[in-house]
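Novice: Here's a sequence, model it:
(one chain, ligands or ions: 1)
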Amino acid sequence: MELEAVVAMVPSPGMGHLIPMIEFAKRLCRHHNLRITFFIPTYATPSTAQTTLLTSLPPLISHTFLPTLTLSDIPPNAKMETIISVTLLRSLPSLRHALLSLSSTHRVTALLLDFFGTDAFDLARQLNAPPYVFFPSTAMLLSLALHLPRLDQDIQFRDLSKLVHIPGCLPVLRKDLGYPFEDQDGDAYKWLLHHSKRYILAEGFVENSFRDLEPDTLDLLLKEEPGRPPVYPIGPLVKEDDAGSGVNMVEQCWCLKWLDAQPEGSVILVCFGSGGTLSTDQMEELALGLEMSEQRFVWVVKCPNEEVPNASYFTQDTHAHPFDFLPKGFVERTKGRGLVVPSWVPQAQVLRHPSTGGFLTHCGWNSVLESVVNGVPLVAWPLYAEQKMNAVLVSEGMKVAVRVVMGENGAVERGEVARVVKMVMEGEEGKKLLHRMKELKEAAAAALREGGSSSTQISELALKWKAPTKPSN
Ligand code: UDP
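Specialist: This is a model prediction of the structure:
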């Protein structure tokens, strides 16, 4: 008797890439009755948010944390790209063990890997589980990644002030590609290049975007090209309600109750993703700017970090209290109009709430997609990774955001904060952004409807992954 098919999924540590992969898994299981097993590489204790999410999944989706690795030999200032890539690389022996064990009871029909997980391709091929890459970011980044081995050879590419031409995309300043690209000799860049060179060995790319968001890029990527694996745009897959998951966030989160009492479309959410942190000075400027704007806000406050902008990417659990870093009297002065929430809000639900009318975001792709499905216009304040590219896309490409202007010292001053917040929440420009966002919201719903472009791609993949094993010749 043929064993039951299962798709093994390997996310990177942290929440940002795990959330959309889980949403994809849920669709495969709900609409196609496909079994999924997550193998999660770790190098630290998983955060509460992570374990809560994983334990709330339907029975067809199981998960196993791979043994926690030690990264003590990695320099303390190593970049996220290095940490994730090394974690995935060093998890290969335990992943092999886990996959072999799974294969004894199931047919592993595909291995879906995070985009930093290309070192598992060989293992996947050995086990006869074709490796797919899950791309939780823009098609623009995918196009850049596929083009990078060629760009890397281009002498012009070394110049930070030059525009980079990514196939099918708006030209982007080299410095907007993100910090790994600022130092071609740095480890973060070397890891990106390493993965980019291996992408052609994948069976396909599962891309969390859809045509209306990035028409030119996806038109290009959807064309068959010899030597390039196919691209399956399946987006926008975003976190759904936590209701019914055993964690009743709606009841528990007073932030949603506070929103209930605010006028429709009057509140701007300020949140820098799962990991984004500001310096103490920048946090103060943001606070005072929000105060100056006189707009209603919900601000998710994290403890500041002077060194890196993504200090809480891998874990939310911290001993200090973020409110201790707010300007004196800020909470009292903005009481009734503003709400500060420590560390975490159920963002998807806040964005869906009718009182929310704007979102000041670091432009993480999940955050952008969550705004799109809810029709909420943006203030783009990119911090790290590919967020500056995303900021270009949302402001100049999708035309749904106003981007903050940094001062010469690299900081955003309070006056600028007030300007952009007011612009989105009450200006004429804000109305245009809202109108465009509503159009994209409609397009997103259409893509995911039965027979829509993304649903069709998901069905195609599910069909492949459920198909009975072909008899070998
Ligand atoms: N998120 C959340 N509450 C928070 C911060 C983040 O629910 O307080 C979720 C957010 O809804 C999104 C994800 O965490 O689904 C963040 O992903 P994104 O790609 O935007 O940014 P990253 O965290 O990867 O930088």
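Novice: for the stretch 101-250 of the chain, what are the low-confidence residue spans?
Specialist: Applying pLDDT under 70 to the stretch 101-250 of the chain flags the ranges 241-250.
Novice: Indicate the residue of the stretch 1-150 of the chain located nearest to the ligand.
Specialist: Using Cβ to the nearest ligand atom, the single residue of the stretch 1-150 of the chain nearest to the ligand is residue 16, 2.1 Å away. Any C-beta I mention is one placed from the backbone N, CA and C, and that applies to glycine too.
Novice: For stretch 386-404, list every residue counted as buried.
Specialist: Buried residues in stretch 386-404, defined by neighbour count with 16 or more other Cβ atoms under 10 Å: 386-395, 397-404.
Novice: ok, then the element right after the longest strand anywhere in the chain?
Specialist: In terms of residue count, the longest strand belonging to the chain (DSSP state E) is strand 107-114. The element immediately downstream of strand 107-114 (helix or strand, assigned by DSSP states H and E) is helix 121-126.
Novice: Would you mind getting the angle between whichever helix or strand comes after that next one and strand 107-114?
Specialist: Next along the chain after helix 121-126, taking DSSP H and E as the criterion, comes strand 131-135. Following axes from the mean of the first three to the mean of the last three Cα atoms, to 10 degrees, one obtains 40 degrees for the angle between strand 131-135 and strand 107-114.
Novice: strand partners of strand 131-135, parallel vs antiparallel please.
Specialist: Here strand 131-135 is paired, per DSSP bridges, with strand 107-114 (parallel), strand 204-207 (parallel).
Novice: can I get those in TSV with mean neighbour count and distance to the ligand?
Specialist: Below are the strands paired with strand 131-135 laid out as TSV (neighbours: other Cβ atoms under 10 Å; distance: least, Cβ to the nearest ligand atom, whole Å):
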stretch	mean neighbour count	distance to the ligand
strand 107-114	24	12
strand 204-207	23	14
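Novice: pretty sure residue 287 is touching residue 329, no?
Specialist: No. Contact criterion Cβ atoms under 8 Å: residue 287 and residue 329 do not qualify, at 10.2 Å.
Novice: Give me the more crowded residue out of those two.
Specialist: Neighbours were counted for residue 287 and for residue 329 using other Cβ atoms under 10 Å; residue 287 has more, 24 against 9.
Novice: contacting residues around the more buried one?
Specialist: When contacts are counted by Cβ atoms under 8 Å, 6 or more residues apart in numbering, residue 287 touches 299, 326-327, 330.
Novice: now do residue 186
Specialist: Taking Cβ under 8 Å, 6+ apart, we find residue 186 in contact with 79, 180.
Novice: how about 10 Å then?
Specialist: Counting by Cβ atoms under 10 Å, 6 or more residues apart in numbering, residue 186 touches 79, 81-82, 179-180, 192.
Novice: and the gap between it and the ligand?
Specialist: As judged by Cβ to the nearest ligand atom, to the nearest Å, residue 186 and the ligand stand 20 Å apart.
Novice: count of neighbours near the residue lying closest to residue 334 once chain neighbours are set aside?
Specialist: Among residues not flanking residue 334 along the chain, residue 291 sits closest, at 5.8 Å (Cβ to Cβ, 6 or more residues apart in numbering). Residues lying near residue 291 (other Cβ under 10 Å) number 20.
Novice: ok but residue 270 is inside a helix, no?
Specialist: No. Applying DSSP: H, G, I helix; E, B strand; the rest coil, one finds residue 270 to be strand, outside a helix.
Novice: neighbours of it, just the number please.
Specialist: Using other Cβ under 10 Å, residue 270 is surrounded by 26 other residues.
Novice: if we can go back for a sec, could I get the phi/psi values of the residue of the stretch 1-150 of the chain closest to the ligand?
Specialist: Dihedral angles of residue 16 (phi, psi; degrees, to the nearest 10) stand at phi -60, psi -40.
Novice: Confirm for me that it is in contact with residue 365.
Specialist: Yes. Between residue 16 and residue 365 there is a contact at 8.1 Å, judged by Cβ atoms under 10 Å.
Novice: Now for these two: what residues contact both?
Specialist: By Cβ under 10 Å, 6+ apart, residue 16 and residue 365 have these common neighbours: 136-137, 273, 385.
Novice: Which members of these additionally contact the ligand?
Specialist: Subset of those in contact with the ligand: residue 273, counting by Cβ under 6 Å from any ligand atom.
Novice: mind putting the shared contacts of residue 16 and residue 365 in CSV, distance to residue 35 and secondary structure included?
Specialist: Supplementary listing: the shared contacts of residue 16 and residue 365 in CSV, determined by distance: Cβ to Cβ, whole Å; DSSP: H, G, I helix; E, B strand; the rest coil:
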residue, distance to residue 35, secondary structure
136, 22, coil
137, 27, coil
273, 30, coil
385, 32, coil
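Novice: so what's the residue of the stretch 301-450 of the chain found nearest the ligand up against?
Specialist: For the stretch 301-450 of the chain and the ligand, the shortest gap (Cβ to the nearest ligand atom) falls at residue 364, measuring 2.2 Å. With contact set as Cβ under 10 Å, 6+ apart, residue 364 has these partners: 15-16, 19, 136-137, 271-276, 370, 382-387, 390.
Novice: Out of those, which end up buried?
Specialist: By neighbour count, with 16+ other Cβ under 10 Å, these hold 15-16, 19, 136-137, 271-276, 370, 382-387, 390 as buried.
Novice: what does the stretch 151-300 of the chain have sitting close to the ligand?
Specialist: 239, 271, 273-275, 300.
Novice: Which members of those are the farthest-apart pair?
Specialist: Pairwise distances across those (Cβ to Cβ) peak at 15.8 Å, for the pair 239 and 275.
Novice: now the strands for the stretch 151-300 of the chain?
Specialist: For the stretch 151-300 of the chain, applying DSSP state E, counting those that start in this stretch gives strands covering 163-164, 172-173, 204-207, 231-233, 267-271, 296-301.
Novice: can you tell which of those strands is closest to residue 408?
Specialist: strand 172-173 (16.6 Å).
Novice: What pairs with that closest one, parallel or antiparallel?
Specialist: strand 163-164 (antiparallel).
Novice: Would you mind listing the outside residues contacting the strand it pairs with?
Specialist: Strand 163-164 is contacted by residues 144, 147, 151, 154, 156-157, 170-177, 181, 389 when judged by Cβ under 10 Å, 6+ apart.
Novice: to the chain's geometric centre, what's the distance from that strand?
Specialist: Its chain's C-alpha centre and that of strand 163-164 lie 24 Å apart, by Cα atoms, centre = their mean, to the nearest Å.
Novice: And for stretch 370-387?
Specialist: Remark: stretch 370-387 is offset 10 Å from the chain centroid, using Cα atoms, centre = their mean.
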